[in-house]
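Enquirer: Any chance you can model this:
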Amino acid sequence: MKKRLWLVLLCGLLLVQTARPVAAEAAGTVYFVAAEENVLPISDSTMPFWSGGYLYISTSIFTGTTREILGISAINNTAKGMTVLEKDRRAILFDWSKDYAQEDNTGNTYQPGAIQRNGGVFVPAIVVADFFGLKYSVTEVNHGYLVWLRSPDFSLSEHAFVDAASYQMVSRYEQYLRAQESTGEEESVLPDPDVTGSRRIYLCLKAQDETAGSLLSVLENSGAQAAFFCTPQFMEQQGELLRRMSATGQSIGILVDGTEAEETVGQQIQRANQALQTATFGKTRLVYIQNGTEAQRQAAAAEGWCCLRPDLDRSGYSLRSASNTEALLQRISSQWDTSVSVWLGDTATGEGLRALIQDTERTGRRCLALREI
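Expert: Sure, this is the predicted structure:
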């Protein structure tokens, strides 16, 4: 009886290890992939899968931001049927026709090899991690599992990283579900004339402990975006709100005081970015120097910061209800036919922001988040 039970358990384990989640809709599980602090977009075509007891990851992740973070580049040579992963002049070659990989310089071999699937190339995570000196783990999370690649000296534990990256995973999962529902027809379902045209309003808000949550809810429910400029103190104390901003597509900027006596503008920026990185694993170059001089702005720009110079400063006017939005939109319509950046400061409430977004859409404009330029 014990022998039979052991065989049943062993078969079950093998089924789990070799299962290939072709689609989350069928398997009920998704695999998130994170590189250092960034959770990557999810798609069925690039989702990791298990085969022969090994977890395979798509070579397409070694592009863009991930390539810059991990320093690993992927080259797929269709003519030769080969994929090359390279970092710091070390390269490992995956011949698609072989069940092993080979180091370019020494000829050392590593098993297993690559697998072609969904029009892409997948390689075993353990081979990549071992060859390039990375750590990798698979952790159970909401909706599935998190595959995490990072450098050996990364400061957070698996548990701490899962907590910190929770909003990123929620955002990626929601994007994934929307993509499945739309079946590639998002543009026809939600036409956005402002994406390629003009008539954009870039709302810039001061993040405050008391109102940031309600303003975020309005933006999320309305499908609109804005830029939240946060003081160093806010950055240090409101990590959850910062993660929520990041996950919902809002921009995050730094708000500093040009007249601060105890800290220079540069010191305030550095302190805020350090807190932002702790909370979201990201940094920003957007800066608004309140009460600042032109010399301070030029100095900050010379250091590489993108200083906000709003086209329209409405921080001296209330935005608390629908009655406050008419004057603002009239001013915008009379002077700006294209895009306009508006600094609202701390004057907006949830009700006022909701009314502004609704009235803005009726004029054929969109409220979008100001990005680093």
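
Enquirer: tell me the phi and psi of Gln358?
Expert: phi -60, psi -50 (degrees, to the nearest 10).

Enquirer: Surely it is in contact with Ser222?
Expert: Yes - with contacts defined as Cβ atoms under 8 Å, Gln358 counts as touching Ser222 at a distance of 7.5 Å. Every residue, glycine included, has its C-beta placed from N, CA and C.

Enquirer: which of these two has more neighbours?
Expert: Ser222 (16 against 13; other Cβ atoms under 10 Å).

Enquirer: For the more buried one, which non-adjacent residue is spatially closest?
Expert: Nearest non-adjacent residue to Ser222, counting by Cβ to Cβ, 6 or more residues apart in numbering: Ile357, 4.6 Å away.

Enquirer: Give me the contacts around the helix or strand where Gln168 lies.
Expert: Per DSSP states H and E: Gln168 is located in helix 166-182. For helix 166-182, the external contacting residues (Cβ atoms under 8 Å, 6 or more residues apart in numbering) are 24-25, 30, 32, 34, 38-43, 141-143, 146, 186, 189, 243-244, 246-249.

Enquirer: Please repeat the previous calculation with a cut-off of 7 Å.
Expert: 25, 30, 32, 39, 41-42, 141, 143, 189, 243-244, 246-248 (Cβ atoms under 7 Å, 6 or more residues apart in numbering).

Enquirer: Stretch 119-126 now?
Expert: In contact with stretch 119-126 (Cβ under 7 Å, 6+ apart) are residues 45-46, 54-60, 76, 83, 94, 96, 112, 114-115, 136, 147.

Enquirer: shaky segments in the protein?
Expert: 1-28, 182-198, 372-373 (pLDDT under 70).

Enquirer: Give me the buried stretch members for stretch 144-163, please.
Expert: Across stretch 144-163, burial judged by 16 or more other Cβ atoms under 10 Å covers Gly144, Tyr145, Leu146, Val147, Trp148, Leu149, Arg150, Leu156, Phe161, Val162.

Enquirer: Show me how far the helix holding Gln168 is from its chain's centre.
Expert: How far helix 166-182 lies from its chain's middle: 11 Å, per Cα atoms, centre = their mean, to the nearest Å.

Enquirer: Now for Gly71, how many residues are close by?
Expert: 13.

Enquirer: Surely it touches Lys87?
Expert: Yes - contact criterion Cβ atoms under 7 Å: Gly71 and Lys87 qualify, at 4.9 Å.

Enquirer: On the three-state scheme, Gly253 is what?
Expert: Of the three states, Gly253 takes strand according to DSSP: H, G, I helix; E, B strand; the rest coil.

Enquirer: Specify the beta-bridge partners of the residue nearest to it when sequence neighbours are not counted.
Expert: Take Gly253 and drop its neighbours on the chain: the residue closest to it by Cβ to Cβ, 6+ apart is Leu286, 3.4 Å away. Beta-bridge partners recorded for Leu286 (DSSP bridges): Cys306.

Enquirer: Give the full set of residues in contact with Leu286.
Expert: Counting by Cβ under 7 Å, 6+ apart, Leu286 touches Ala227, Ser251, Gly253, Ile254, Cys306, Leu308, Leu370, Glu372.

Enquirer: What's the ChimeraX line that selects buried ones from the residues you listed?
Expert: Here is the ChimeraX selection string for the buried members of the contacts of Leu286, based on 16+ other Cβ under 10 Å:
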select :227,251,253,254,306,308,370
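
Enquirer: will you turn the contacts of Leu286 into TSV that also has distance to Thr363?
Expert: As requested, the contacts of Leu286 are arranged in TSV below (distance: Cβ to Cβ, whole Å):
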residue	distance to Thr363
Ala227	20
Ser251	22
Gly253	26
Ile254	31
Cys306	28
Leu308	24
Leu370	19
Glu372	27
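
Enquirer: what's the closest of the contacts of Leu286 to Glu294?
Expert: Of all the contacts of Leu286, Glu294 sits closest to Leu308, with 13.8 Å by Cβ to Cβ.

Enquirer: quick one, domains of this protein?
Expert: Split into domains by automatic domain parsing, the chain comes to 17-180, 197-368.

Enquirer: buried sites along stretch 88-98?
Expert: Those would be Ala91, Ile92, Leu93, Phe94, Trp96, Lys98, for stretch 88-98 by 16+ other Cβ under 10 Å.

Enquirer: was I right about the last one contacting Pro112?
Expert: No - using Cβ under 7 Å, Lys98 makes no contact with Pro112, being 9.6 Å away.

Enquirer: if we can go back for a sec, which pair of the contacts of Leu286 spans the longest distance?
Expert: Every pair of these checked by Cβ to Cβ; the farthest is Ile254 and Leu370, at 13.0 Å.

Enquirer: how far does stretch 315-332 stretch from start to finish?
Expert: Length of stretch 315-332, first residue to last, Cα to Cα, to the nearest Å: 15 Å.

Enquirer: and it, how far from the chain's centre?
Expert: From the chain centre to the centre of stretch 315-332 is a distance of 32 Å (Cα atoms, centre = their mean).

Enquirer: Touching that stretch from outside, list them.
Expert: Counting by Cβ under 7 Å, 6+ apart, 201, 312, 314, 340, 343-345, 347-349, 351-353, 355-356, 359-360, 363 sit against stretch 315-332.

Enquirer: What are the contacting residues of the host helix or strand of Gln102?
Expert: Element membership of Gln102, judged by DSSP H and E, is strand 101-103. With Cβ under 7 Å, 6+ apart as the test, strand 101-103 has contacts from Ile92, Leu93, Phe94, Thr109, Tyr110, Gly113, Val127.
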